[in-house]
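Engineer: Sequence and computational prediction follow.
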Amino acid sequence: MDNFDLKKYFNKQYLTEQEDKDSNIVPEAELILPRGKKVVLQAEDTDYKRGLIVELLDNGGYEMAYWYNKPNKPYPVEILVDGQSIKPDGKVVEMKFHPQDYYDKQDELNEAISLNVLPKNNIAILRGDSGEYEGFIEDGEVSFSTTYDDLDYRITDQYDESNIEDFLGRGHAFVELAKKYDYDWNIEPDLVGITIKLKDSLNEAFDELDDGYDQEMEDLIKAGPRLNKDRFEDVIYYIHNNWMAGNYGDDYAIRRISNYLNAR
């Protein structure tokens, strides 16, 4: 202990703590909020004196208020949350802190399933923890299903649309899919299927392909040849072009064109 340097020891401890703090700072941060202290921020404005009063609370949350002219007290202002007006004259807003496990759970939910729409092949592929499923796209809808051959009872004896999620289990790809799309269940003695409307996803997929997706034409195709005889050539031309571009599968395009040609 005779050679122990107390000053060096404390300096080393300080540097270690400082390095730990610095390693947690993201390069985009322009201001580090101290905990338990109100920080006054002023807007870049030549006409008015205004800004925010922000405090990092001891519980990890944030308290914010708008100030005007003098930053000595909150000034009433309209408060919107996710685009919705909550209060026209609110003064103090508190944002709660969520620990890391909250964000981990949210990430798990967001990544629970993936739906890949492939208009060139006219199929959609659903992936999730429960497996991978492929469905054929028809009339803006796609159906996925899975069979259960080893059950000693019929699914329909115990389950219907009101409780089929109990059978599939929490986190099943079909259950997660039902949270994001308009859907219909198909429940049979040894099979569970789900059909979803793919309108938005199809539009996005066609946009990515930079083709001539036309909602009016898609509606005419769905309506069938008997309801739009005056648009026969337009519809056939539209189907053919998307077929040649690889946006429609062979089976889909041939069947649709045949339907129109046979109805003439």
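Structural biologist: Thanks, I have it. Quick caveat, the model's predicted, so the values are computed rather than measured. Numbering: from 1, shown residues only.
Engineer: residues of stretch 46-55 that come out buried?
Structural biologist: R50, G51, L52, I53, V54, E55 (16 or more other C-beta atoms under 10 Å). Where you see a C-beta, it was placed from the backbone N, CA and C, and this is true even at glycine.
Engineer: Mark which of the residues you listed are part of strands, please.
Structural biologist: R50, G51, L52, I53, V54, E55 (DSSP state E).
Engineer: What distance do you get for Y159 to I137?
Structural biologist: Remark: distance between Y159 and I137 (C-beta to C-beta, to the nearest Å) = 27 Å.
Engineer: ditto for A178
Structural biologist: On the measure of C-beta to C-beta, A178 and I137 end up 18 Å apart.
Engineer: thinking again about what came up before, show me which of the ones in strands among the buried residues of stretch 46-55 is closest to V81.
Structural biologist: The closest of those to V81 turns out to be L52 (C-beta to C-beta; 16.3 Å).
Engineer: surely the closest one meets Y68?
Structural biologist: No: L52 lies out of contact with Y68 (C-beta atoms under 8 Å); the separation is 10.7 Å.
Engineer: Tell me where this structure has helices.
Structural biologist: 6-23, 100-110, 155-158, 164-168, 173-178, 199-209, 215-223, 232-244, 250-262 (DSSP state H).
Engineer: for the fifth one, packing partners?
Structural biologist: If I follow you right, that is helix 173-178. strand 113-118, strand 123-128, strand 141-147, helix 164-168, strand 191-197 (3 or more C-beta pairs under 8 Å, 6 or more residues apart in numbering; DSSP states H and E).
Engineer: who has more neighbours, Y159 and I137?
Structural biologist: I137 (22 against 18; other C-beta atoms under 10 Å).
Engineer: separation between that one and S145?
Structural biologist: Using C-beta to C-beta, I137 is found at 15 Å from S145.
Engineer: do the same with G36
Structural biologist: For G36, the distance to S145 equals 57 Å [C-beta to C-beta].
Engineer: Neighbour count for the two, which is higher?
Structural biologist: A count of neighbours by other C-beta under 10 Å puts S145 above the other of G36 and S145, at 14 against 9.
Engineer: if I read this right, that one contacts F136, doesn't it?
Structural biologist: No: with contact defined as C-beta under 8 Å, S145 does not count as touching F136 (11.1 Å).
Engineer: Could you count how many residues lie near A253?
Structural biologist: A253: 18 neighbours (other C-beta under 10 Å).
Engineer: low pLDDT regions in the chain?
Structural biologist: Within the chain, the segments meeting pLDDT under 70 span 1-23, 98-112, 119-120, 199-213, 226-228, 245-246, 263-264.
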